[in-house]
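In: my questions are about this predicted structure, shown below with the sequence.
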Amino acid sequence: MRITCLHTAESNIAVFDAAAAALGIGSRVLHHAVRADLLAAVERAGKLTAGIAEETQLALVALAQHCDAVVLTCSTLGPVVELAGTHTPVPILRADEALAFAAVQAGGKVVVLCAVETTLEPTARLFYQMAQHTGAAVEVQLVPGAWAMFKAGDLHGYLATIAKAADRAYMDGASIVALGQASMSGAASLITAGPAPLTSASAGLRAALSRAERGYDPG
């Protein structure tokens with residue numbers, strides 16, 4: 001079995017490798033590709049344009065030719081998955097879709113944290129859609145200043161800022177916090193005011209493993 005992740009930040013390789021190890025996914029199963037230029041293009045344009053979406057789709061379909069499942073780990077580019085999936089029988093998943101599904105199952109107040117402004121709209125749309133039949137109340141929040149720290153290489157400051165935002169969300173009544181971007185995953189262990197937040201790395205890999213295994217089912 002081979003699962004390939006398409007990242008827009010090289011640091012997310014370690015995030016997904018750690019999540020894979022925790023889930024018992026062997027190192028030979030998980031593979032990575034990085035296209036930082038795609039997210040950078042969205043940030044310059046201020047939105048996901050048709051041209052960037054097409055380039056992302058081509059990258060996903062190309063990866064699908066050599067594996068059993070593809071996981072797009074960038075929430076900003078997430079909407080492209082729906083189109084890309086029509087061009088290959090190999091399952092292509094967005095990591096944050098599995099995250100959203102898991103976050104709303106118990107209902108209650110779900111707070112979703114994002115660091116990049118360009119991911120707010122696609123993330124909100126996804127979580128609101130997932131919450132329609134569960135009764136969950138979803139609130140999507142931008143963590144001010146966090147992404148500037150990440151881009152400057154201050155990972156410690158980035159994760160600490162996200163953890164503080166999550167703790168505030170719990171103190172304000174959140175039932176569960178979801179970390180909307182994969183790069184946030186390391187903040188989970190720093191949160192003290194509530195249960196461990198849900199992360200897209202773990203949720204996305206669980207979903208990919210399930211879909212890939214089904215591909216091997218002769219029935």
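Out: Thanks, I have the structure now.
In: make it CA atoms for all contacts and neighbour counts henceforth
Out: Will do.
In: next one, pLDDT for the nearest residue to residue 164 once chain neighbours are set aside please.
Out: In space, residue 164 comes closest to residue 191 once its chain neighbours are excluded; the distance is 7.3 Å by C-alpha to C-alpha, 6 or more residues apart in numbering. On the pLDDT scale, residue 191 is placed at 94.
In: wasn't residue 40 part of a helix?
Out: Yes: assessed by DSSP: H, G, I helix; E, B strand; the rest coil, residue 40 belongs to a helix.
In: how many neighbours does it have?
Out: The criterion is other C-alpha atoms under 10 Å. On that basis, residue 40 has 13 neighbouring residues.
In: ok, and what's touching the helix ranked longest in the chain?
Out: Criterion DSSP state H: the longest helix present in the chain is helix 155-171. Residues outside helix 155-171 that contact it (C-alpha atoms under 8 Å, 6 or more residues apart in numbering) are 111, 113, 143, 146-147, 149-150, 176-177, 184, 186-188, 190-194.
In: so of those, which ones are in helices?
Out: Per DSSP H, these map to helices at 146, 147, 149, 150.
In: next, format those residues as a markdown table and append distance to residue 21.
Out: Shown next, in a markdown table, are the ones in helices among the contacts of helix 155-171 (distance: C-alpha to C-alpha, whole Å):
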| residue | distance to residue 21 |
| --- | --- |
| 146 | 27 |
| 147 | 27 |
| 149 | 27 |
| 150 | 24 |
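In: just the buried residues of the longest helix of the chain, please?
Out: 155, 158-167, 169-170 (16 or more other C-alpha atoms under 10 Å).
In: now the strands for this structure?
Out: In the chain, the strands defined using DSSP state E lie at 3-7, 30-34, 69-72, 92-94, 109-114, 137-142, 176-179, 198-199.
In: quick one: which of the ones you listed is nearest residue 121?
Out: Set against residue 121 and scored by C-alpha to C-alpha, those come closest in strand 137-142, at 9.2 Å.
In: now the buried members of the contacts of helix 155-171.
Out: If we count by 16+ other C-alpha under 10 Å, the contacts of helix 155-171 have these buried: 111, 113, 143, 146-147, 149-150, 176-177, 184, 186-188, 190-191, 194.
In: between the residues you listed, which is closest to residue 201?
Out: residue 184 (9.5 Å).
In: which residues touch the closest one?
Out: So residue 184 contacts 159, 162, 199 (C-alpha under 8 Å, 6+ apart).
In: could you export the buried residues of helix 155-171 as JSON lines, including pLDDT and distance to residue 9?
Out: Formatted as JSON lines, those follow (pLDDT from 0 to 100; distance: C-alpha to C-alpha, whole Å):
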{"residue": "155", "pLDDT": "93", "distance to residue 9": "12"}
{"residue": "158", "pLDDT": "95", "distance to residue 9": "14"}
{"residue": "159", "pLDDT": "95", "distance to residue 9": "15"}
{"residue": "160", "pLDDT": "96", "distance to residue 9": "19"}
{"residue": "161", "pLDDT": "96", "distance to residue 9": "19"}
{"residue": "162", "pLDDT": "96", "distance to residue 9": "17"}
{"residue": "163", "pLDDT": "96", "distance to residue 9": "20"}
{"residue": "164", "pLDDT": "96", "distance to residue 9": "23"}
{"residue": "165", "pLDDT": "96", "distance to residue 9": "22"}
{"residue": "166", "pLDDT": "96", "distance to residue 9": "22"}
{"residue": "167", "pLDDT": "97", "distance to residue 9": "25"}
{"residue": "169", "pLDDT": "96", "distance to residue 9": "26"}
{"residue": "170", "pLDDT": "96", "distance to residue 9": "28"}
